[in-house]
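Participant: Here you go, sequence then predicted model.
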Amino acid sequence: MFVKQLYTNCLSEAAYFIASEGVAVVIDPLRDIEVYLDLAKEHNATIQYIFETHFHADFVSGHLELAAATGAKIVYGPGAVTNFETYVANDNEVFNIGAVTMKVLHTPGHTLESSCYLLSDEKQQPYAVFTGDTLFVGDVGRPDLFSGNLTKEELADYLFDSLNSKIKTLPDNVIVYPAHGPGSACGKNLGPNTFSTIGDEKATNYALLATDKQEFIDQVTSGLSTPPSYFPINAKINKEGYDALKAVMEKAMQPLDPAAFKAKAKAGALILDTRPAKEFGDGFVPGSISIGLEGRFAEWAGSLLPFDQDIILVAPIGQEEETVVRMARVGFDNVVGYLEGGYPAWAASGEAIDMIITVEADELAMDIPHDPNLVIIDVRKPIEFADGHIKNAINISLGDMVDPGKIADFEDNHNLYVHCQGGYRSIIACSIMKREGIHNLRNVEGGFAKMKDQKGLQVVQEKTVLN
């Protein structure tokens, strides 16, 4: 038996490949499927099943791509309804995979069709459970993501029963392989690891420690942030289907010289620049939105960019194809070309450029006493802001900037100093603000991580000044 976790950091997503005696299965694949095909070839195995733990909302599954390439059956748990051919399994149904077996455990709660898959070894001993978004390391899947007409409280009621009847009854040594790790918006606060055991989770996971159903419901439904705006779009795509990735790539991988690029932008295409944040700040095509590949790229792209508008790319040279693939993972099929030669080609063409002024934390500290029009904008999440922020700062979370109304109240004489935790999100925010015509702004280098220790900058937490 061979089991491999395939973890994608920028999505905090885990897919799985399992093989035994020439038979293989894949669980929750991404849209770019070459890695699964390569593993099957390496292990001289045929992929027979594609197990989906639920209808994913945070990425587009590769189930259709992989089924088309291999002839494998797409398997969902009870209650799943799709617009394409699938095998809807029964609760407790067992699939033979060479010398091992996979058992379906229907675990509604995150969504109604959510199911876990219990892998038993050659001796028919439970070995690992693939929990999807039902159980994470240190957390459980949020119950407020688009499952029928049920309230989050009703889904949490289901989740409590699923955890207690299906998950907690498994042996303590069974490995827990979830669909997501730290940073995922599919839970509230996932732990730092990407796998665990049933015993460890029973001992430390607040959701498995809860014995009273109402207490559990209160815990899992409180403190939930607003889900990213692209979640319902991706969930719909996963239910209804999508174009083949090859067709998406052919449309996107069109090299454009500066003149053709400018013409596309003038015709209404949005410019996305995926270079590192610092490079973007030093110079960019006017009107571009920055989302660097080095951060949580796919998540921010899905949260901030339109799915119904053509997009053209300024990517790091040689990373154009990577950019398109990573966008396709969250459902973007609307890229229609890239700037050939990257930003250097644009700069050399004599066309206009823009830039973002960057300042150090000490410069901000020196400016505060002398500038009555100075405004500090903290673009971190509200929970980060609440844990500690610069005195008098305004919190406009980056995710909220998809609504131009959130940044419409600044006056022309305001001097805006924008920051996040480390500098990645603040550059994105500055690019959005500039695109909306706000140019009197500065990005604070190093973000709150450096600002909190800067003399002259007071950090406030609730009603307490920390320094």
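Facilitator: Everything's here; your move. Numbers count the residues shown, from 1 in each chain.
Participant: burial measure for residue 183, as a count.
Facilitator: Counted with other Cβ atoms under 10 Å, residues neighbouring residue 183 total 14. Backbone N, C-alpha and C define where each C-beta goes, glycine included.
Participant: so it sits right up against residue 295, yeah?
Facilitator: No. At 10.5 Å, residue 183 does not count as touching residue 295 under the criterion of Cβ atoms under 8 Å.
Participant: How far away from the center of its chain is stretch 163-172?
Facilitator: 28 Å (Cα atoms, centre = their mean, to the nearest Å).
Participant: Can you list the buried residues in it?
Facilitator: 163, 166-167, 170 (16 or more other Cβ atoms under 10 Å).
Participant: is it fair to say residue 127 lies in a strand?
Facilitator: Yes. Assessed with DSSP: H, G, I helix; E, B strand; the rest coil, residue 127 lies in a strand.
Participant: these two touch, right, it and residue 119?
Facilitator: Yes. Counting by Cβ under 8 Å, residue 119 is a contact partner of residue 127 at 5.1 Å.
Participant: list the residues that contact both of the two?
Facilitator: Here residue 127 and residue 119 have 3, 100 as joint contacts, going by Cβ atoms under 8 Å, 6 or more residues apart in numbering.
Participant: which stretches of this structure have low pLDDT?
Facilitator: Within the chain, the segments meeting pLDDT under 70 span 146, 462-467.
Participant: Please pick out the residue of it most distant from its centre.
Facilitator: Farthest-out residue of the chain from its mean C-alpha position, per Cα atoms, centre = their mean: residue 370, at 40.9 Å.
Participant: and that residue, how far is that from residue 90?
Facilitator: 71 Å (Cβ to Cβ, to the nearest Å).
Participant: ditto for residue 402
Facilitator: Distance from residue 402 to residue 90, by Cβ to Cβ: 41 Å.
Participant: Please report phi then psi for residue 198.
Facilitator: phi -60, psi -40 (degrees, to the nearest 10).
Participant: hang on, the earlier thing: the more surrounded of residue 127 and residue 119?
Facilitator: The neighbour comparison of residue 127 against residue 119 (other Cβ under 10 Å) goes to residue 119, with 24 against 20.
Participant: who's in contact with that one?
Facilitator: Taking Cβ under 8 Å, 6+ apart, one finds 3, 18, 100-102, 126-130 in contact with residue 119.
Participant: what comes into contact with whichever strand or helix holds residue 426?
Facilitator: Per DSSP states H and E: residue 426 is located in helix 424-435. Applying Cβ under 8 Å, 6+ apart, the external contacts of helix 424-435 come out as 273, 277-278, 280-281, 284, 287-292, 294-295, 300, 304, 354, 356, 377, 379-380, 396, 398, 401, 407, 416, 418-420, 441, 443-444, 447.
Participant: now, which of those lie within helices?
Facilitator: 277-278, 280-281, 300, 304, 447 (DSSP state H).
Participant: farthest-separated two in the residues you listed?
Facilitator: 278 and 304 (19.5 Å; Cβ to Cβ).
Participant: Looking at the two, which is more packed in?
Facilitator: The neighbour count for residue 278 versus residue 304, taken as other Cβ under 10 Å, is higher for residue 304 (21 against 16).
Participant: so what's that one closest to, chain neighbours aside?
Facilitator: Excluding the flanking residues, the one nearest residue 304 by Cβ to Cβ, 6 or more residues apart in numbering is residue 402, at 5.4 Å.
Participant: how close does that neighbour sit to residue 422?
Facilitator: In terms of Cβ to Cβ, residue 402 sits 21 Å off from residue 422.
Participant: can you give me the strands in the stretch 301-450 of the chain?
Facilitator: Secondary structure of the stretch 301-450 of the chain by DSSP state E, counting those that start in this stretch: the strands cover 311-314, 335-339, 357-359, 374-378, 389-390, 394-395, 415-419, 441-444.
Participant: can you list contacts of the fourth one?
Facilitator: Read that as strand 374-378. Contacts to strand 374-378, defined as Cβ under 8 Å, 6+ apart, come from residues 364, 367-368, 385, 389-390, 392-396, 410, 414-420, 429, 448.
Participant: ok so, going back, between residue 402 and residue 90, point out the one with more neighbours.
Facilitator: When residue 402 and residue 90 are compared for neighbours, residue 402 comes out ahead with 15 against 10, by other Cβ under 10 Å.
Participant: residues touching residue 321, list them.
Facilitator: By Cβ under 8 Å, 6+ apart, the neighbours of residue 321 are 249, 253.
Participant: if you set the cut-off to 7 Å instead, what comes out?
Facilitator: Residue 321 sits next to residue 253 when contact means Cβ atoms under 7 Å, 6 or more residues apart in numbering.
Participant: how near is it to residue 65?
Facilitator: Distance from residue 321 to residue 65, by Cβ to Cβ: 16 Å.
Participant: now swap in residue 262 and tell me
Facilitator: From residue 262 to residue 65 the distance is 34 Å (Cβ to Cβ).
Participant: neighbour count winner among these two?
Facilitator: Taking other Cβ under 10 Å, residue 262 and residue 65 do not tie; residue 65 has more neighbours (23 against 19).
Participant: Does the more buried one belong to a helix, a strand or coil?
Facilitator: Secondary structure of residue 65, reduced to three states by three-state DSSP: helix.
Participant: give me every residue that touches it.
Facilitator: By Cβ under 7 Å, 6+ apart, the neighbours of residue 65 are 31, 33, 244-245.
Participant: same thing with residue 353?
Facilitator: 283-284, 286, 347.
Participant: of all these, which comes closest to residue 72?
Facilitator: Minimum distance to residue 72 across the contacts of residue 353 is 43.5 Å, recorded for residue 284 (Cβ to Cβ).
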